[in-house]
Each structure stands twice: as structure tokens, then as C-alpha cells.
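**Q** could you look at this predicted model? Sequence included:
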Amino acid sequence: MLTKAPRGTKDILPGEVEQWQFFEEKVRELCRLFGYAEIRTPVFEHTELFLRGVGEVTDIVAKEMYTFTDRGERSLTLRPEGTAPVARAFLEHKLYGAAQPLKVYYIGPMFRYDRPQAGRYRQFHQFGVEVFGAMEPSLDAEVIALSLYVFRALGLEEFTLQLNSVGCPLCRDAYRICLQEELKDKLSRFCPDCADRIHKNPLRILDCKQESCQELTVDVSLMLHKLCGDCAEHFAAVREAMDALGEPYVVNPRLVRGLDYYTKTAFEIVSPVLWAQSSLGGGGRYDHLLATIGGPDVPGIGFGIGIERVLLARAAAGRVLPESKLTDVFVATAGNVSAAAALRVVIDLRGQGVAADKDYLGRSLKAQLKFADKKQVRYLVILGDEEMKRGQAMLRDMQTGSQSGVALTDLTSMVARLVKEANR
Ligand code: AMP
């Protein structure tokens, strides 16, 4: 047990971390272009935030939260998603007083007590964006488009954008009653989860993965056809904006998503690369979330993308980056030259911006050269007794095999110049 990470968690090891850094570089650059600033919130929040924000009857809150009582008897929860914490920060710091809309993004771990399997973890990571303070449908299109640009920037082309409108409290409450009415005679035939959902959250029955439940709802009325005038108009304008961007989508009237706070636009990006209809990310509008958690009625919209899923999809598409090379120059010692002398040279090289390293195990020269070779360094500096007496070191280009003596006084500046040229 001591030598195993907790179930559903994963170490990201050197050699894998390049994929993560690449992901982060790409999304940070896209966010800069789209005008989003980074926000970092704590990994735990008051439990109440998620109970009220995400909704008590959602699967996330009812079954998947990591909730604990701290030493001060407070109930805290490791964040299962990013939107409610960002909304809380928006209220706490009265960011609604700043110029609107406020556009932010986050990258960080989320925690859900999910059943671990490929692409599903208990600690996973999301990149997400949130925009507060604007209702305009062109914003919905921008947010959706940003998520699509993320996938493309990461070399993923095989995905489908699914789009729906889940209405607003006005039309959804009426629809909920209508759905309950239509399903009430079939109650006993649903799976236990759905039987429960009929009372608490009937919309979620529509995206139950059980085939038998799906069959029972094939001909029910759908929210999309029961939208109020305002919601219908908004949805049409979002579609128009997506068309104007030339971004294809499919309308999926059964898309409801697992969080209660969504209003109007809901979307999901699914891919066949990992498993049929695997979800890479999704989001939507949440015009009343801020009011729900005690703030002003400021509208918002955002999405969350699962980083592990995207990296798995990249791997499946053969887009794995090679492990990055850490060391450009290895400084070896021969004869009686001390390790401290090598450390001096290594530190000087680093001071010139050169990634340099040395041996720390007292290896023989032969073993040092073997190690340098394994590290695939470009240049090797050898500090030997004879050369040092003459004020020189040996410099070897590992790629060409050429070798020459270099004055110690010129060594760091010369090596720095060569490495810069080689890395250009
Ligand atoms: P959600 O917040 O449930 O809409 O999830 C957004 C995205 O996060 C999903 O599309 C997945 O890519 C990812 N995701 C959600 N739950 C998990 C999990 N348990 N493990 C890995 N990724 C997840």
C-alpha cells in the first residue's frame, strides 16, 4: 500500500510530463489570443458551495465528492469541477464591479469518487474557461469555438461538437412537469437511478447510458422543442454564429450534462478515438449560478476539457512528443581533477544559459562518457590533469566526433555560443 498511489490517481513522470507541458503551452497561447486571463483557486472549498452551485441531486454531488471535516469542524470538499469555485471567487472579490465581461481560464486538478477505468480517474485535470457578465449569443459561439481550437492546436481532428439548449428556469420547470407526466406510467421499468431521477432531476433520464432506459424515452417530448421564446431565439442565434464561423455541429436534443447550473446553451465535444462517444470536454451557459450561490444575477458561460482524455486521444492518434533532452553539455573529469572543479565549470555554463551537468557518482572517465552518451548530450567537456596544467580543457562535439583543446578562459563563452547555434 505504501508503494502504490491511491486508486484512481496517477503520477506524471519525467518523460510523460512533456505532453502536459505541450498541452499547457498551447492552451495558454490560445487563451492569450482569445483574451482570457488565468485564475487559480484553492483545490478545496466549503462543501456548501458545491451543494448549492452544482446541485444536490447531481451525480457529482450525490455520489462523487471527496468531502471531509477539518480540525475546525468545517465541512470541506476537494473541488469536483472548476466553475463553482471560479464563480465564488468572482463574488468574493466583487469582480462584477470590473469591466465586463470577465474572461478567465484555469488549469488544475479536480477530484471525483468515480469508478476508475481508462480515461476516468479520481484525481484528473481540467483546463477550463469561464466568462461572466455577458448574454450575447456570439459569446457562446466564441467560447465553443475556443474549445474546438484547443483540440485542433493539439493535433486532434476527429471530434464532433454536440449542441443543445437546456432552456431557462421558466421553460424548464414547465418541461420537467411535462416529462414527469409522460414518464409516470413507465416508472417501474427504469433503472434504479432513473427511477430516482424522475422525481429529482427528470432531464437526466434523457442521457442515461442504459439501453433499456433509452428505449423508454424514444418518443418523449424534448426540451429543445419546448423552449420559451427567449431561449429559442438565443439558440437560433448561437447556431447562426457557429454557421458564420464555419464550425460544424450536430444538434443533440438529449444532451443535458451532469451539472444543474446549465441554462440555454449546452455543448459537448465527443470523439470516437478513445471509445464510442467519449467526451473530451463540455460546457454551457449558467445564467443563474451566481445568484444561486448568493450573488447578483450575472450571466456566465464556460467549458471544461479533461486533460488526461485529450492526452490519451493524442496518443491514440500517434501524436506523442519525444522525451525532451535536459542536458546540452556534460562536463567529465579525468585523472585527479576534482569534482569541485567540474562543478565550477558546470555552474559557469549554467550562468551563460547552457543546460550543463556532470557526474555525481565518482565514475571512471569511461563510465562518464557512456553516461553522457546515454543522455544524448551534444557537447562533452573533459577536464584532464595535463590539459588543466596548460590552462585548457578538451571539447568534443558528440554528433560529429570532432575534438579540440580550448582555453579554460574561453570555455564557457565558446560552449555557450556553440550550444545556442546547435539549438537554433
Ligand atoms: P464535466 O465537468 O463532467 O463536464 O467533465 C468535463 C470533462 O472532464 C469531460 O469531458 C472529461 O474529459 C473530463 N472528465 C470528467 N470526469 C473525469 C474523470 N473522472 N477522469 C478523467 N477525466 C474526466
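**A** Here it is on my side, so go on.
**Q** now the residue lying closest to V251 once chain neighbours are set aside, which residues is it bridged with?
**A** Distances taken as Cβ to Cβ, 6 or more residues apart in numbering place L163 nearest to V251, at 5.5 Å, with adjacent residues excluded. No exception for glycine: its C-beta is placed from N, CA and C like everyone else's. Counting by DSSP bridges, L163 is bridged to V251, F267.
**Q** give me the below-cutoff pLDDT ranges for the chain.
**A** Within the chain, not a single segment meets pLDDT under 70.
**Q** which residue does it have closest to the ligand?
**A** Of all residues in the chain, G306 sits closest to the ligand, at 2.3 Å by Cβ to the nearest ligand atom.
**Q** touching, V143 and V129? I think so.
**A** Yes. Contact status for V143 versus V129: in contact at 6.5 Å, counting by Cβ atoms under 8 Å.
**Q** higher neighbour count, those two?
**A** Comparing V143 with V129 by other Cβ atoms under 10 Å, the one with more neighbours is V129, at 28 against 24.
**Q** so what does the residue of the chain closest to the ligand have for phi and psi?
**A** Here is the backbone geometry of G306 (degrees, to the nearest 10): phi -80, psi 120.
**Q** for F44, same thing?
**A** Backbone geometry at F44, expressed as degrees, to the nearest 10, gives phi -120, psi 150.
**Q** what about the residue nearest to it when sequence neighbours are not counted, how many residues close to it?
**A** Leaving aside its chain neighbours, F44 sits nearest to L76 (4.8 Å; criterion: Cβ to Cβ, 6+ apart). Around L76 there are 17 other residues, counting by other Cβ under 10 Å.
**Q** find residues that contact each of V143 and V129.
**A** G302, F303 (Cβ atoms under 8 Å, 6 or more residues apart in numbering).
**Q** what does the stretch 51-200 of the chain put close to the ligand?
**A** Residues of the stretch 51-200 of the chain that fall close to the ligand, judged by Cβ under 6 Å from any ligand atom: E81, R112, D114, G119, R120, Y121, F124, Q126.
**Q** so who does the fourth one touch?
**A** Translated: G119. Contacts of G119 by Cβ under 8 Å, 6+ apart are L274, W275, S278, G306, E308, R309, L312.
**Q** likewise the fifth one?
**A** For R120, the contacting residues are G8, D114, taking Cβ under 8 Å, 6+ apart as the criterion.
**Q** who's it bridged to?
**A** Applying DSSP bridges, one finds that R120 bridges with Q117.
**Q** gap between it and E16?
**A** 18 Å (Cβ to Cβ, to the nearest Å).
**Q** next one: V238
**A** For V238, the distance to E16 - Cβ to Cβ - is 37 Å.
**Q** strands of the stretch 51-200 of the chain, start to end?
**A** 66-69, 75-78, 102-111, 123-132, 160-165 (DSSP state E, counting those that start in this stretch).
**Q** count of neighbours near the residue lying closest to V220 once chain neighbours are set aside?
**A** Nearest-residue entry for V220: E182, 5.1 Å, with adjacent residues in sequence omitted and distances by Cβ to Cβ, 6+ apart. E182: 14 surrounding residues under other Cβ under 10 Å.
**Q** could you do T409 as well?
**A** 10.
**Q** give me the neighbour count for the closest residue to it other than its chain neighbours.
**A** Spatial nearest neighbour of T409, excluding adjacent residues (Cβ to Cβ, 6+ apart): G391 at 7.2 Å. By other Cβ under 10 Å, the residues close to G391 number 10.
**Q** so for stretch 147-163, what gets flagged as buried?
**A** Buried residues in stretch 147-163, counted by 16 or more other Cβ atoms under 10 Å: S147, L148, Y149, V150, F151, L154, L156, F159, L161, Q162, L163.
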